[in-house]
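Asker: I'd like to go over a predicted model; first the sequence, then the structure.
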Amino acid sequence: MTQHLQTMMCEYTILIIMLYIGVRCLNQRNNKIIRLFSHFVFGVIAFQIINIPVRMVDAGLVRMPAAVVFVLNCGFMIAETFVTYELFYFFESIQNSLFVEKKIIRVLRSIPLVLMIVLCVVSWWTGWLFYVDDTGMYRRGALFALQVVLPYTYVFVTLVSAIVYSITRREKRSAVIITIELIPALICSVLQIVAGGSYVLAGLTLSAMFVYIELCMEDIRKVEKLEVIEKANHELENALDMANKANNAKTVFLNSMSHDIRTPMNAIIGFTDLLNDNLSDQDKARDYIAKIRSSSDYLLSLINNVLEMARIESGKTELDESSISLKSLDSVYWLFESQMKEKNIDFTWNVNVKHNNVLCDVVKIKEILMNIINNAYKYSLPGDSVAVKIDELPCDRDGYVRIRTVVSDTGIGMSEDFLEHIFEDFSREQTSTESGQFGTGLGMAIVKKIVDLMGGDIDVQSEPGKGTTFTVTLEHRISQNVEDAGSVEKRNEDYSFEGRRIILAEDNDLNAEITMTILVGAGMEVDRAADGIQCIDMLEKAEPGYYDLILMDIQMPNMDGYKATMIIRKLDDRRLADIPIIAMTANAFNEDRKKAFEVGMNGYIAKPISAEDLKMTLAGIVEE
């Protein structure tokens, strides 16, 4: 009895081990080798499940009807043959041998399994393989030896083909797997024949464990290598894709820029030559100057748009929110009002909001409006109309207001095909040559990116010949304190600059000449410094109050404008330290403006210098 109980403990241990291996195989079913091996594993599990009650009957631990005992023994013998069949099929598949390749041989390989099934069934009547006597005891039949011969036919064929395969192919891994699989199976098979018992099951279990360990270790190494390779390939593909996109984008950019830069430059150079040849004809000279100025403005707009897109794409653009009144957006209307009249376009502006005071980035809001309205202006014909309507919509967020801005025109419109690409970089339905209108194709791309940055939505509807409607919806936080953004600044002609002294800190001779000419023409006395060091030296040597203000370039050799300003603000004499300083720089982004004020500057002018803007800024500083 003790021996039977020990055997039963071994049987259950084997079952638990095989169940664990079977579960692990299920988790790796995408691997072909593991998938084939799992058939063998689950065959062993089924064999063991049937084997346990058979051993219990043999040990006299339970009594069962004769029919049940017969069925269990049939299942045991068929399962044993099936397991060895799966073992055979597993190795033959790895080797890709004739038993797998040839159809006829594939039929022959199933003969031992089929024969075992037939013998088990007919033994109910004949007792050839085994039978159960009247007492319920299991008895061997005349052909009982086939119960060992048939399963081990598969084991023997597997061994022979494996040896041949290893010798002829000389594949190290296959030889290792086959050896560690077959040695325990063959040893236990010999023990089964000599001593009886369930050594077959033990041998198959040990074989399965050894093979599983080897397969797992090899597959783990293989999977790790594959993952590294796949990851590297994926990164290379992404890098190649990004490089291709970058090259395509660069090609598109260069092609667009080449045309768009050359167009105004051609006009500037051409009309400059014509102006030089017609200086005595004032009418022609004024016309050429106006065209040069128009082309220069377009070239500046092109540069600004390209820089703005570059900053947005790099993620450096941030929102600079402040409290404003939506009524202050009327300034955009006044910018376009005279242009619309000159082109005979009916331009209307309507603001209908309940919460007028909001917190937003007013510069970017105006940029959105100006880009859309400018498009409406360019692509509308005399007699058309452009309407801007700003309404307040219900908002689900507490403390926020939803503002919908609709810009509609009755101009030439756009085709349905082009609408799908309107927000792409450099997208234009017609080139400037075809349409007669200058444009970078970046305006709408900038608008879309700004709207996305602000968490809003933009929609466009258009039809050729009937016009276009842009709808922008944004949410803003309601504000109580509003900066005075609606006051009208005095014109520079209301002020006199006579007798004012100024230090111009500018390292570029041409820029200095232009600025000095404007300032002298306005009645100012100008002393020039070539860098920040000279500027500080001139200021310290002068009597307090001698200079009224400083125009400070930012990028200069020896000492830049930022550092010079910080040093001036720390001078011991407060009359010198508090002198108004205006930044004058080609760094035209919001963070550059912020930095200028952070270091203590009083104003900011972006290059290229406009005489009117310069005088207006100076007037505001002089007034203070």
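Answerer: Done, it's in. Numbers count the residues shown, from 1 in each chain.
Asker: any idea how far Y379 is from T410?
Answerer: Computed as Cβ to Cβ, to the nearest Å, the Y379 to T410 distance reads 10 Å. For glycine as for every other residue, the C-beta is placed from the backbone atoms N, C-alpha and C.
Asker: Same question for stretch 465-476: list its buried residues.
Answerer: Applying a neighbour-count criterion of 16 or more other Cβ atoms under 10 Å, one finds 467-476 buried in stretch 465-476.
Asker: Go through these and flag which are in strands.
Answerer: 467-476 (DSSP state E).
Asker: now the strands for the chain?
Answerer: 130-132, 138-140, 322-325, 346-352, 357-360, 385-393, 400-409, 457-463, 467-478, 501-505, 525-529, 549-553, 581-585, 603-606.
Asker: Tell me which residues touch the spatially most distant residue from the centre of the chain, please.
Answerer: The centre of the chain is farthest from one residue, D134, which by Cα atoms, centre = their mean lies 77.6 Å away. By Cβ atoms under 8 Å, 6 or more residues apart in numbering, the contact list for D134 reads A66.
Asker: Give me the pLDDT value at it.
Answerer: pLDDT for D134: 72.
Asker: Tell me the spacing between it and V69.
Answerer: D134 is 12 Å from V69, by Cβ to Cβ.
Asker: cool, and A564?
Answerer: 106 Å.
Asker: P608 too?
Answerer: Taken as Cβ to Cβ, the span from P608 to V69 is 105 Å.
Asker: So which of the two has more stuff around it?
Answerer: V69 (20 against 14; other Cβ atoms under 10 Å).
Asker: ok, and the closest non-adjacent residue to the more buried one?
Answerer: Using Cβ to Cβ, 6 or more residues apart in numbering and skipping residues adjacent in sequence, the residue nearest V69 is V132, 5.1 Å away.
Asker: and the one you found, what is it in contact with?
Answerer: Counted by Cβ under 8 Å, 6+ apart, V132 has contacts 66, 69-70, 73, 138-139.
Asker: Neighbour-wise, which one of the residues you listed leads?
Answerer: N73 (22 neighbours).
Asker: hang on, it packs against V54?
Answerer: Yes. The pair N73 / V54 is scored as a contact, 6.3 Å apart, by Cβ atoms under 8 Å.
Asker: Which strand residues bridge the residue nearest to V69?
Answerer: Beta-bridge pairing for V132 (DSSP bridges): Y138.
Asker: Equivalent analysis for R477, please.
Answerer: Beta-bridge partners, per DSSP bridges, of R477: L359, Y400.
Asker: What's the per-residue pLDDT of it here?
Answerer: 87.
Asker: do E513 as well
Answerer: E513 is given a pLDDT of 88.
Asker: What is the neighbour count of it?
Answerer: When neighbours are counted by other Cβ under 10 Å, E513 comes out with 12.
Asker: List the contacts of H355.
Answerer: 392, 401, 478.
Asker: Burial check on the first one, number of neighbours?
Answerer: Burial of E392 is recorded as 17 neighbouring residues (other Cβ under 10 Å).
Asker: Over to the last one?
Answerer: By the criterion of other Cβ under 10 Å, I478 has 16 neighbours.
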